[in-house]
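Trainee: Okay, predicted coordinates and the sequence, questions at the end:
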Amino acid sequence: MPPSEEQASRLFKAAQAGDVEEFEAAAAAIEGDVRQLAAPPSAASCLHVAAHAGQTDMCKHLLDAHGFDVNAQDSGGGWQWQRVAD
């Protein structure tokens, strides 16, 4: 079952804020692979969101603990590493 809008929002807000503890709590409440979730309208992953917000510790956590793909693109063709450089 896909996560509710509230569950997904909690997860993305934690990624944006760089709150690893809150991210893990939100991820635990979601069935399935959190790497597959995409934030509208750009289909950005949690890693895109964290990188865009400059949350380097969160980015490292998402890569190391959850295996996010640093080469995954959003719907506009942007990569996570480009967001960190912006």
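Mentor: On my side now, so go ahead.
Trainee: going forward, measure contacts between C-alpha atoms and count neighbours the same way
Mentor: OK.
Trainee: which helices and strands does the helix or strand hosting residue 64 pack with?
Mentor: Assigned by DSSP states H and E, residue 64 belongs to helix 56-66. Under the contact definition 3 or more Cα pairs under 8 Å, 6 or more residues apart in numbering; DSSP states H and E, helix 56-66 sits against helix 46-52.
Trainee: and residue 16, how many neighbours?
Mentor: Look at residue 16: counted by other Cα atoms under 10 Å, it has 22 neighbours.
Trainee: Am I right that it is in contact with residue 45?
Mentor: No: at 10.8 Å, residue 16 does not count as touching residue 45 under the criterion of Cα atoms under 8 Å.
Trainee: if I pick the residue most central in space within the chain, what's in contact with it?
Mentor: For the chain, the residue nearest the mean C-alpha position is residue 46 (0.8 Å; Cα atoms, centre = their mean). Contact analysis of residue 46 by Cα atoms under 8 Å, 6 or more residues apart in numbering lists 11, 12, 15, 16, 35, 37, 38, 39.
Trainee: which residues touch the first one?
Mentor: Under the criterion of Cα under 8 Å, 6+ apart, the neighbours of residue 11 are 22, 23, 26, 27, 46.
Trainee: now it: how far from residue 17?
Mentor: Distance, residue 11 to residue 17, using Cα to Cα, to the nearest Å: 10 Å.
Trainee: quick one: the helices in this structure?
Mentor: Secondary structure of the chain (DSSP state H): helices at 5-17, 20-28, 46-52, 56-66, 80-85.
Trainee: In TSV, list those helices along with distance to residue 73.
Mentor: As requested, these are arranged in TSV below (distance: least, Cα to Cα, whole Å):
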stretch	distance to residue 73
helix 5-17	17
helix 20-28	21
helix 46-52	8
helix 56-66	15
helix 80-85	7
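Trainee: ranking those helices by burial, who's on top?
Mentor: Highest mean neighbour count of these: helix 46-52, a mean of 27 (counted as mean count of other Cα atoms under 10 Å).
Trainee: Reformat the contacts of residue 46 as TSV; add pLDDT and distance to residue 57.
Mentor: Below are the contacts of residue 46 laid out as TSV (pLDDT from 0 to 100; distance: Cα to Cα, whole Å):
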residue	pLDDT	distance to residue 57
11	97	16
12	97	15
15	98	10
16	97	11
35	95	17
37	93	20
38	89	20
39	87	20
